[in-house]
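**Student:** Coordinates for the following, if possible.
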Amino acid sequence: MLMRTDPFRELDRIAQQALGNAAGTWSRPAAMPMDAYRHGDEFVVEFDLPGVEAAAIELSVERNVLTVKAERHPTLRDEAVEMQVSERPLGVYSRQLFLGDTLDTDHIHADYQTGVLTLRIPVAERAKPRTISISVENDPGRREIDA
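**Tutor:** Numbering: from 1, shown residues only. Here you go, the predicted model:
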């Protein structure tokens, strides 16, 4: 359903966290954490985007590539504020998922609540289990047997 093709993405994320450089730029966005799972006839992906306004999130699908981009802006503060600790990362976040052909990308549903972006992607009808009927041609030499 979901294909991972970038083995170095997780290494970049860990390096950014270790070096304290979790903020991203438009040319080099930071990765956003996610969970992905199948629930019945839909595939669910949840992205953590704390402090990001819904208007700052962009979703797009091109062929079977889903792209999520978000930007966390700094909180507006008065000039008299003297920052003591600043650990909350700001900047641009991006994630691309390569979706399999078994998902219906025309009917993706997105919901954003309490800093979590949830995408629900239905499994395509052609990928769902189905029963196939078997037709039997009438064979003149074939006998019917009563059981």
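
**Student:** and the most centrally placed residue in the chain, what does it touch?
**Tutor:** When CA atoms, centre = their mean is applied to the chain, the residue found nearest the centroid is Val45 (4.4 Å). With contacts defined as CB atoms under 8 Å, 6 or more residues apart in numbering, the neighbours of Val45 are 2, 34-36, 97, 118-119, 121. All C-beta atoms are positioned from the backbone trio N, CA, C, and that covers glycine.

**Student:** which one of those is nearest Leu66?
**Tutor:** Leu97 (4.5 Å; CB to CB).

**Student:** pretty sure that closest one is touching Asn64, no?
**Tutor:** No: applying CB atoms under 8 Å, one finds Leu97 not in contact with Asn64, separated by 9.1 Å.

**Student:** These two - which one has more neighbours?
**Tutor:** Shown here are Leu97 and Asn64; by other CB atoms under 10 Å, Leu97 has more neighbours (23 against 14).

**Student:** Now the more buried one: closest residue in space, sequence neighbours ignored.
**Tutor:** Nearest non-adjacent residue to Leu97, counting by CB to CB, 6 or more residues apart in numbering: Leu66, 4.5 Å away.

**Student:** give me the beta-bridge partners of that neighbour?
**Tutor:** On the basis of DSSP bridges, Leu66 is bridged to Val61, Leu97.

**Student:** likewise Ala36?
**Tutor:** According to DSSP bridges, the residues that bridge with Ala36 are Val45.

**Student:** same check, this time on Ala30
**Tutor:** Those that pair with Ala30 in a beta bridge, by DSSP bridges, are Tyr93.

**Student:** Just the pLDDT for it.
**Tutor:** Ala30 carries a pLDDT score of 78 in this model.

**Student:** What distance do you get for it to Leu90?
**Tutor:** According to CB to CB, to the nearest Å, Ala30 and Leu90 sit 10 Å apart.
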